[in-house]
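Novice: quick one, what's the 3D model for this:
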Amino acid sequence: MSVEIVLSILSLPIAVILMFLVIWNIISFDELKTDYKNPIDLCNSLNPLVLPEYALQGFIALSYLYYMQYLGIVIMLPLTAYHAYRYLRRPRMSVLGIYDPTAVMNGDEMDRNKKEGFIKLALYLINFFAGLLWMILAVSS
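Specialist: Numbering: from 1, shown residues only. Coordinates of the predicted model:
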């Protein structure tokens, strides 16, 4: 079994995990907006998930880049650059993550994070189907 087949098969469950993380993010911000969750609990539950999401997404982007899967490169490299920008511009905190409890309660910040979540969900969904196509092409050749 070639490395391309293994990477294409691995990209599908990773895409599902990424979609789950983004859905968790969207639901958490909705709970914050409806006062089911306070900002400190939100940040404590979401901040540990930021780096694993970025690492998994970066792994998929690098595998697309390595095997020159152009559709995946077009989808994932801008998102990887955005993740790097977002992480480098994060507030200075004692924990790893991008969400600050003092800023996350701002209405504009909540709306921006929910909109970002929906955009990332759409990109990860496209990535899932691109990975499925990549797997079919790798196995059939």
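
Novice: residue ranges with poor pLDDT in this protein?
Specialist: Filtered on pLDDT under 70, the chain yields the residue ranges 1.

Novice: check contacts around residue 125.
Specialist: Residue 125 sits next to residue 19 when contact means CB atoms under 8 Å, 6 or more residues apart in numbering. All C-beta atoms are positioned from the backbone trio N, CA, C, and that covers glycine.

Novice: for residue 55, which three-state class applies?
Specialist: helix (DSSP: H, G, I helix; E, B strand; the rest coil).

Novice: no no, residue 103
Specialist: Of the three states, residue 103 takes coil under three-state DSSP.

Novice: how many residues are close by it?
Specialist: The tally of other residues near residue 103 (other CB atoms under 10 Å) stands at 12.

Novice: could you do residue 123 as well?
Specialist: 18.

Novice: how about the helices in the chain?
Specialist: 3-33, 39-66, 70-88, 107-140 (DSSP state H).

Novice: these: which one's closest to residue 101?
Specialist: Shortest distance between residue 101 and the helices of the chain, using CB to CB, is found for helix 39-66: 4.2 Å.

Novice: now the angle from the closest one to helix 107-140?
Specialist: 30 degrees (axes from the mean of the first three to the mean of the last three CA atoms, to 10 degrees).

Novice: list the buried ones in helix 39-66?
Specialist: 39, 42-43, 46-47, 49-50, 53-54, 56-57, 60-61, 63-64 (16 or more other CB atoms under 10 Å).

Novice: tell me the one among those nearest to residue 26.
Specialist: The nearest member of those to residue 26, counting by CB to CB, is residue 46 at 10.7 Å.

Novice: for residue 35, grab phi and psi.
Specialist: Reported as degrees, to the nearest 10, the phi and psi values for residue 35 are phi 60, psi 30.

Novice: thinking again about what came up before, what about the helices of the chain, which gets the closest to residue 94?
Specialist: Between the helices of the chain, helix 39-66 lies closest to residue 94; by CB to CB that is 10.6 Å.
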